[in-house]
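1. How does the following fold in three dimensions:
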Amino acid sequence: MAGPVYKFGEFQLDSGCFGLLRNGQSTRIERMPLELLILLASREGQLVTRSEIAERLWGSEVFVDTEHGINTAIRKIRQVLGDDSEEPRFVQTVTGKGYRILCPIEVSNGQTGVLDSLIADDPADAPAPKLQPVDSRRRSKQLPSAIVFVAVLVIGLICAFLYLRRPLPPPRITEYNQITHDGRSKRLFGTDGSRLYFYFSPANDNFQVSVSGGETTQMPSEVRDYNVLGISPDGTTFLLQGPDMSVWSDGVLGGSLRRMNGVFAASAAYSADGKYVVYATKDGDIYRMHSDGTEPQRLVSKQTVAPSRGWSPGVLDWSPDGSILRFSELNKIWEVSSSGSNLHSLFSGQAASNPQCCGHWTPDGKFFIYLSGAPRGSAYDPFFQIWALDERRGLFRQPSSEPIQLTSGPIRWYGAIPSKDGTKIFARGVTQRGELVRFDSTSRQLRPFLDGISAEFLAFSPDGKSVAYVTFPEEILWRANADGSGRVQLTDPPLYPHGPRWSPDGNEILFSAAPDAQNAEMLYVVPSQGGKPHRLIPEDNGRQGDGNWSPDGRRIVFHTQSNGEFVLRIFDINSHSTTVLPGSIGLYSPRWSPDGRYVAAFSPHVLGLRVCDLESHQWSTILSHEGMGFPSWSQDSRYLYILYADQQPGVYRVSVKGGAPERVVDLKGFHHTGLVGFWMGLDPNDTPLLLRDAGTDDLYALPLEVK
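-> Okay, the predicted model is just below:
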């Protein structure tokens, strides 16, 4: 799905392809920092607040540790850009407020063109037949027979009309055939009928594989530094994009690169007959030209359609008859005629309320295959499935306006492309899964824990005999025995829990969750043996996150927001009253120590970990570092364990009195996953627990059955 391309300094940031180039070379950057960099670039020179970043990147499912995610993302952005936080060139930190891009930014874009509409001739009028005189007695005898004949004819016509208007059986996917088995992140960009072409992320090297599977091989070196925009219908020619967005063509089996003079595009596509190319410029205009690069003609002007906002057409596709062009923009699919007229959004009603992108016609034009999905509580991460729009026409049948869902289940689908014969859909399937691991101090290795279940936010009961956790990516809270047996489900969607904490008596579990996609997270309590979760403070509809019990079970500390600032509050269970913890303005993610003496919390202002001694009511900063997350107290309350997810990755511990942190686990090369991209906890012996990425990312062939 195409998006704006931002150029600043020596960098080029492609928001549609999610790529970052430095001096024309691909630069590795993880998804969350990349999303944040795109947000900052789109707001050139403007202050983007931390709360706005959290809302945009995690939506209403944001819980306490999004602040850690923001700090981590900013650190990684600076590391990739080579930026100095003291004298920044690109990203400026506005203490206590947020961030802004300092340097000027050039914004660019991409798209495709179309064939002329077909014009049908009006039918000629037929001459009226001559009437012959008939004998009146013969007419009277023939009348009943004529009535019967006409009645039968009318009934037949009605039946034929109803038959021709009947709903046709919908298409369906009959099986999922896996083509690649490497599990690496990749992007599918086309097929010539016998091979699939794709590139691995973030390396962006172009590869190919047979449509029936087998070994993947690298494409000729001549095109390794180019992005493939499209493949000609006969499968012989690549349409390529150079580092400066210039458009080139090259033979699939090799040959000399040929530049299309004066053409720069973010996305482009061939017409079904291969005679034309449609493309989108960096300014958001859509042009059509001959396939040799001559006679460009503007079809859509950004200034006419969206003069005051971003407009970035992408994933262009022609109808097989060449009369219509469709493209993706702003999570919608748009349609325009080949002459540039009648631009409109393709869907309306319920189908228009969900994000859509990346559509392609089957070669016979009967179906339009695209991706769509409804966000699960967050607009940031749509759950994409493959859909089809039935465009089969008949004498009395008009195409249906209701789309058909072709896939379902846990696999997220991307880049769905029909095969050349229309009998299959090739697509990239991604399965999210984690593996729970625990650090083995003897071998110094991370080994599977609880059979390597895909779960995070583990919390052990006070007696150590039970454990609560949240499955990933389903986000369901469970309680089980310490060995993983005897599981009991405690929550159901659409309630997605975070950070479960056992009450000191072991009878209840406290957690944070957003009740729906429109509301902020709130504190809930559920019986540990099972039951219905209920709001802890139902009269307070403000944000409540990261609740922690006091050791005596009488109070709960949590963070909330007031006038855009975090603050810690303490809820008294007996009096049902709430008070502010003195000196806690600007702090979040509180942790009450097991001995009850301390409350630790993160501060975005000092980018560090602060501790309040509840006996002296004094706060102290014991650690200053960006990119920290998930603080956890040792059982003796002497140490705090913290996860460093960016620079010098590892699990560290620091004394409550301060001092240099000690690295407990080296996480160099470790691949995190989870709701916010990483997680860390401790077992009853203060042994670190983590969630390792065990998901898959491969290409599939999906047979399409049409009756």
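
2. Could you measure from Arg535 over to Trp502?
-> 19 Å (Cβ to Cβ, to the nearest Å). C-betas here are computed from N, CA, C, even on glycine.

3. for Tyr639, same thing?
-> Applying Cβ to Cβ, the value for Tyr639 to Trp502 is 21 Å.

4. So Arg535 and Trp502 - more neighbours on which side?
-> Ranked by neighbour count (other Cβ atoms under 10 Å), Arg535 and Trp502 place Trp502 first, with 22 against 15.

5. Identify the residue spatially nearest to that one, adjacent ones excluded.
-> In space, and not counting its chain neighbours, Trp502 is closest to Ser461: 5.0 Å by Cβ to Cβ, 6 or more residues apart in numbering.

6. likewise His181?
-> Nearest non-adjacent residue to His181, counting by Cβ to Cβ, 6+ apart: Asp698, 6.3 Å away.

7. Now for the closest residue to Ile476 other than its chain neighbours, how many residues are close by?
-> Nearest residue to Ile476, sequence neighbours excluded (Cβ to Cβ, 6+ apart): Thr491, at 5.8 Å. Using other Cβ under 10 Å, Thr491 has 21 neighbouring residues.

8. residue contacts, Thr491?
-> Ile476, Leu477, Pro497, Phe511, Ala513, Val526, Pro533 (Cβ atoms under 8 Å, 6 or more residues apart in numbering).

9. got a list of contacts for the helix or strand that contains Leu196?
-> Assigned by DSSP states H and E, Leu196 belongs to strand 195-200. For strand 195-200, contacts defined as Cβ under 8 Å, 6+ apart pick out 179, 184-191, 205-211, 219, 227-228, 231, 426, 428, 699.

10. now do 6 Å
-> 184, 186-190, 205-211, 426 (Cβ atoms under 6 Å, 6 or more residues apart in numbering).

11. Okay, now the sheet partners of it, with direction.
-> Applying DSSP bridges, strand 195-200 is found paired with strand 186-191 (antiparallel), strand 206-210 (antiparallel).

12. most packed of the ones you listed?
-> strand 186-191 (a mean of 20; mean count of other Cβ atoms under 10 Å).

13. C-alpha coordinates for that strand, CSV please?
-> Taking Å, rounded to 0.1, in the frame of the first residue of the first chain, the C-alpha atoms of strand 186-191 are listed here in CSV:
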residue,chain,number,x,y,z
LYS,A,186,9.1,-10.6,2.8
ARG,A,187,7.0,-8.7,0.3
LEU,A,188,5.3,-10.2,-2.8
PHE,A,189,5.3,-7.9,-5.8
GLY,A,190,4.3,-10.0,-8.8
THR,A,191,4.2,-13.1,-11.0
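
14. Contacts for it, please.
-> Contacts of strand 186-191 (Cβ under 6 Å, 6+ apart): Tyr197, Phe198, Tyr199, Phe200, Val228, Ile231, Gly415, Phe426, Arg428.

15. what does stretch 608-622 give?
-> Contact with stretch 608-622 is made by 583, 597-601, 603, 606, 623-624, 654, 656, 658, as judged by Cβ under 6 Å, 6+ apart.

16. which one among those gets closest to Asp273?
-> Nearest to Asp273, judged by Cβ to Cβ, of those is Ser603 at 63.0 Å.

17. ok, that closest one touching Ile585?
-> No - look at Ser603 against Ile585 with Cβ atoms under 6 Å: they stay out of range, at 9.8 Å.

18. More neighbours: which of the two?
-> Ser603 (21 against 15).

19. Report the beta-bridge partner residues of that one.
-> Per DSSP bridges, the residues bridged to Ser603 are Gly608.

20. ok, now which ones touch it?
-> Contacts for Ser603 (Cβ under 6 Å, 6+ apart) come out as Gly586, Leu587, Arg610.

21. do that again at 10 Å, thanks
-> Contacts for Ser603 were tallied using Cβ atoms under 10 Å, 6 or more residues apart in numbering; they are 67, 96, 566, 584-589, 609-610, 619, 621, 624.

22. Return the members of these classed as buried.
-> In the contacts of Ser603, burial by neighbour count holds for Glu67, Phe566, Ser584, Gly586, Leu587, Tyr588, Ser589, Leu609, Arg610, Trp619, counting by 16 or more other Cβ atoms under 10 Å.

23. Name the SS class of the first one, please.
-> Under DSSP: H, G, I helix; E, B strand; the rest coil, Glu67 falls in the helix class.

24. Any figure for the gap between it and Arg56?
-> Counting by Cβ to Cβ, the separation of Glu67 from Arg56 is 14 Å.

25. tell me how far stretch 236-250 is from the chain's mean position?
-> Centroid separation between stretch 236-250 and its chain, computed with Cα atoms, centre = their mean, to the nearest Å, is 27 Å.

26. and that stretch, C-alpha only, in CSV?
-> What follows is stretch 236-250 as a C-alpha-only set of coordinates in CSV (Å, rounded to 0.1, in the frame of the first residue of the first chain):
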residue,chain,number,x,y,z
THR,A,236,8.8,-10.6,-20.0
THR,A,237,9.5,-7.1,-18.6
PHE,A,238,10.0,-5.6,-15.2
LEU,A,239,8.9,-2.1,-14.4
LEU,A,240,11.5,-0.8,-11.9
GLN,A,241,12.0,2.1,-9.5
GLY,A,242,15.4,3.6,-9.0
PRO,A,243,16.7,5.0,-5.7
ASP,A,244,15.7,8.5,-6.9
MET,A,245,12.1,7.2,-7.8
SER,A,246,13.0,7.2,-11.5
VAL,A,247,11.2,4.6,-13.6
TRP,A,248,13.1,2.0,-15.6
SER,A,249,12.3,-1.2,-17.6
ASP,A,250,14.3,-4.4,-17.8
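
27. What residues sit buried inside it?
-> Buried residues in stretch 236-250, defined by neighbour count with 16+ other Cβ under 10 Å: Thr237, Phe238, Leu239, Leu240, Gln241, Met245, Ser246, Val247, Trp248, Ser249, Asp250.

28. ok, residues contacting the helix or strand hosting the last one?
-> It refers to Asp250. For Asp250, the host element (DSSP H and E) is strand 246-251. The contact list for strand 246-251 (Cβ under 10 Å, 6+ apart) reads 110, 219-220, 222-223, 226, 228-230, 232, 236-242, 255-265, 268, 277, 279, 289, 291-293.
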